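**Q** below: sequence and its predicted model.
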Amino acid sequence: MALRDITLGQYFPGHTIIHRLDPRTKLLCTVLYIVSLFLAGGAAGYAVLFLVLAACTAVAKIRPAALLRGMRPILFIIVLTAVLNMFYTPGTVLWQWKFLRLTQEGIWTAFFMVLRVSFLISSTFLLTYTTSPLVLTDGLERLLSPLKRLHVPVHELTMIMSIALRFIPTLIEETDKIMSAQKARGADFDSGNLFQKAKALVPLLVPLFISAFRRADELAVAMECRCYHGGEGRTRLRQLRFQGADAAALVLFCALAVGVWALGRLGL
Amino acid sequence: MDAIIQTEKLSHLYSAGTPFEHAALVDVDFTAYRGEYLGIIGRTGSGKSTLIQHLNGLLKPTSGRVLFAGQDIWASKARTRQTRFQVGLVFQYPEYQLFEETVYQDIAFGPGNMGLEEQEIDRRVRDAAAFVGLPDAVLEQSPFELSGGQKRRVAIAGVIAMEPAVLVLDEPTAGLDPVGVESILRNIHDYHTAKNATIILVSHSMEEVARSVDRLVVVSGGRIPFSGAPREVFAHGEELEALGLGVPQVTRVFHRLRSMGVDIDPSVYTIRQAREAVRDFLRRKGGN
């Protein structure tokens, strides 16, 4: 897999209703969805959550393969939690070998755990796939703005975040380029033991750090040239406004949380 | 002539399977001959960078083959690695790949990876430094203390030190002042003549390639619409303009003179040829 195929934090431009929703709505809906995930207690709850996720993916015209590819880096964690749950949940023993004890309850817990983690990841990916980083941090800043009263530097924090998000693809591209350049000089990043591999990274990391610092410096100068002086008195190019669709989406996701909670109480 | 690198029906897709999927190369048949000085021109995004990264196996073809000296470079892992040493690739802005503590160590990185003897490495580092005109005193300095132009020389020396049979340079003169451009082009030419190496110079500047290369390959939209001697390629003046490339300024002047009815040879592309053409024209006119 080439580095440039990493989808973390990537935005797929589009014009669907989900793309057009207010970023605050999307953030809140994602939070509500994640809360629902933790309220779900049984197969029925997970089925509902799956349907909602599938529907949103379809409406946003995101290919399911793109969501799955985003999950690849955390596959190991998912498998590990599943295995641990399978063997460490007490209950009816199905199979035993020395200290390993596979239980029926364990299999169920593991199954739901896998669903929970993958839905969680997919829903957040859906958020970043359909919302450009700039708009997303804008929404976050507005959502967190009440914290300004408590002297939390919300604007500065979201600015740091948007700069960080902005530079992820740039740095990935840069890494790709430097890696290619060193490979062209015979550098080998793939073979050898752990120590050799770590040492092989020096020709990659030194130029990468230098260029990151250079970029940071250039960006700071560019921002200063345009009289950036923090969040105070700053107005926005894009004013965020809630629309009818936003209200509908919020009601829908609140209903989802309550519904899943109720299903969980009924033991479904 | 003897082909050293060939591609057969080479295609490359970026980000296959995502909305960003696009074909950078489409069924490209490209050939570089042993010992020639070849120019590749094309606009940004034409696929020229993608093409050259296939020549030393940095990118794997989506379909098609890449042959070095008649053998598929992807036949085995060892062969791919060997090709990296035989086809030296200098990237755009190569100075950003420097990382060692001293210039000497940085130039020695490539030869070191080839597993050469200490003495051989030392000889190659000094030879390479001489080719790009780096004085001995610089070798013990940190590459980060040097000027931009010097850094670029160090980076080029780092590839030359592997003594590749084919040297590919992607826009080696980008961002340099005219004096820097001249001397880098002269260094490359020196390497070409001294080692009888094949040079592939990638550029978007017609002026720059026109006076140094034996043959030109035009890349546009992931294909090769024209290739041949500069004179032949520049004859497609209007088509080149349509591709957003244009011809050298001298050529354009002479084309214009021709269309104004002046009886002059329009197929010039260097100042020297222009001088000859004008002299020739005046001589004929004087005779009348």
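**A** Structure's in. What do you need?
**Q** get me the contact residues on chain A for chain B.
**A** A:4-5, A:7, A:12, A:63, A:65-66, A:177-178, A:180-188, A:202-203, A:206-207, A:210-211 (Cβ under 8 Å from any Cβ of the partner chain). In this view, the C-beta of every residue, glycine as well, is placed from N, C-alpha and C.
**Q** so which of those residues are in helices?
**A** If you go by DSSP state H, the residues of chain A next to chain B have A:65-66, A:177-178, A:180-184, A:202-203, A:206-207, A:210-211 in helices.
**Q** all helices for the chain, in order.
**A** Just so you know, I chose chain A. All helices of chain A, identified by DSSP H, fall at A:17-20, A:23-39, A:43-59, A:64-71, A:75-88, A:104-130, A:133-144, A:154-184, A:194-200, A:202-225, A:244-265.
**Q** can you look at chain B instead?
**A** Counting by DSSP H, chain B has helices at residues B:48-55, B:77-86, B:103-113, B:118-131, B:148-160, B:178-195, B:206-212, B:230-234, B:237-242, B:249-259, B:271-287.
**Q** format those as TSV; extra columns: distance to A:M159 and mean neighbour count.
**A** Below are those laid out as TSV (distance: least, Cβ to Cβ, whole Å; neighbours: other Cβ atoms under 10 Å in any protein chain shown):
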stretch	distance to A:M159	mean neighbour count
helix B:48-55	34	23
helix B:77-86	42	17
helix B:103-113	37	23
helix B:118-131	45	17
helix B:148-160	31	24
helix B:178-195	38	16
helix B:206-212	42	20
helix B:230-234	50	21
helix B:237-242	45	14
helix B:249-259	46	17
helix B:271-287	53	12
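**Q** before we move on, back to that, the helices of chain A: lowest mean pLDDT?
**A** Confidence, taken as mean pLDDT, is least for helix A:64-71 of the helices of chain A (a mean of 81).
**Q** so what secondary structure elements neighbour that one?
**A** Contact analysis of helix A:64-71 by 3 or more Cβ pairs under 8 Å, 6 or more residues apart in numbering or on different chains; DSSP states H and E lists helix A:104-130 as its packing neighbours.
**Q** ok, back up a step: now the helices of chain A as TSV including distance to B:Q141?
**A** Formatted as TSV, the helices of chain A follow (distance: least, Cβ to Cβ, whole Å):
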stretch	distance to B:Q141
helix A:17-20	53
helix A:23-39	50
helix A:43-59	56
helix A:64-71	45
helix A:75-88	45
helix A:104-130	45
helix A:133-144	41
helix A:154-184	21
helix A:194-200	24
helix A:202-225	16
helix A:244-265	60
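**Q** distance to B:V209 and mean neighbour count added to the ones you listed, as JSON lines?
**A** Formatted as JSON lines, these follow (distance: least, Cβ to Cβ, whole Å; neighbours: other Cβ under 10 Å):
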{"stretch": "helix A:17-20", "distance to B:V209": "44", "mean neighbour count": "17"}
{"stretch": "helix A:23-39", "distance to B:V209": "48", "mean neighbour count": "20"}
{"stretch": "helix A:43-59", "distance to B:V209": "49", "mean neighbour count": "16"}
{"stretch": "helix A:64-71", "distance to B:V209": "40", "mean neighbour count": "16"}
{"stretch": "helix A:75-88", "distance to B:V209": "48", "mean neighbour count": "14"}
{"stretch": "helix A:104-130", "distance to B:V209": "42", "mean neighbour count": "19"}
{"stretch": "helix A:133-144", "distance to B:V209": "40", "mean neighbour count": "19"}
{"stretch": "helix A:154-184", "distance to B:V209": "22", "mean neighbour count": "17"}
{"stretch": "helix A:194-200", "distance to B:V209": "36", "mean neighbour count": "11"}
{"stretch": "helix A:202-225", "distance to B:V209": "28", "mean neighbour count": "14"}
{"stretch": "helix A:244-265", "distance to B:V209": "55", "mean neighbour count": "16"}
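**Q** of those, which approaches B:I271 most closely?
**A** When the helices of chain A are compared by Cβ to Cβ, helix A:154-184 sits nearest B:I271, at 34.5 Å.
**Q** for the closest one, packing partners?
**A** helix A:133-144, helix A:202-225, strand B:87-90.
**Q** rerun at 7 Å
**A** helix A:133-144, helix A:202-225 (3 or more Cβ pairs under 7 Å, 6 or more residues apart in numbering or on different chains; DSSP states H and E).
**Q** tell me which of the ones you listed lies nearest to B:T270.
**A** helix A:202-225 (37.4 Å).
**Q** other residues contacting that closest one?
**A** Residues outside helix A:202-225 that contact it (Cβ atoms under 7 Å, 6 or more residues apart in numbering or on different chains): A:L171, A:E174, A:T175, A:I178, A:M179, A:Q182, A:A187, B:Y96, B:Q97, B:L98, B:F99, B:F109.
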